[in-house]
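Undergrad: got a predicted structure here, sequence first:
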Amino acid sequence: MLKPLAGYILIEPAPKETKTASGIYLPESADEKPQEGKVIACGDDQIVEGQTVKCPVKVGDKVVYKKWGGNEVKVEGREMLLIKFEDLMAIVSK
């Protein structure tokens, strides 16, 4: 498994939607990146200008992140996303 460095989070993006709520199937050309995913691993707390910035999420949380934030990586054959703490926008509550 991949262990993110300080200030980073490993996320498994949610599957891409292929159908709208009204039942319309989307073509692959309408490929919209998901902005939601599940936290797989968290890096250590980060030190910024002498202040400790704690990881804002925990493993298993569902989160919303910036649309074009992070870097795509393959881990054990699965597409994952490494993002910075500040690229997170929300935690999805149940």
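TA: Received the coordinates, thanks. Numbers count the residues shown, from 1 in each chain.

Undergrad: low pLDDT regions in this structure?
TA: 16-21, 25-34 (pLDDT under 70).

Undergrad: what helix or strand does the residue nearest the centre of the chain sit in?
TA: By CA atoms, centre = their mean, the mean C-alpha position of the chain lies nearest to Ile11, the distance being 3.8 Å. Per DSSP states H and E, Ile11 falls inside strand 8-13.

Undergrad: which strands and helices sit next to the helix or strand that that strand is followed by?
TA: As assigned by DSSP H and E, the chain's next helix or strand after strand 8-13 is strand 36-42. Judged by 3 or more CB pairs under 8 Å, 6 or more residues apart in numbering; DSSP states H and E, strand 36-42 is in contact with strand 8-13, strand 62-65. Just so you know, the C-beta spots here come from the backbone N, C-alpha and C atoms, and that holds for glycine as well.

Undergrad: list the contacts of strand 36-42.
TA: Residues outside strand 36-42 that contact it (CB atoms under 8 Å, 6 or more residues apart in numbering): 1-4, 9-14, 55, 57-65, 75, 80-81, 92.

Undergrad: list the buried residues of it.
TA: Gly37, Val39, Ile40, Ala41, Cys42 (16 or more other CB atoms under 10 Å).

Undergrad: could those be laid out in a markdown table, adding distance to Ser22?
TA: As requested, those are exported to a markdown table (distance: CB to CB, whole Å):
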| residue | distance to Ser22 |
| --- | --- |
| Gly37 | 24 |
| Val39 | 31 |
| Ile40 | 32 |
| Ala41 | 36 |
| Cys42 | 37 |
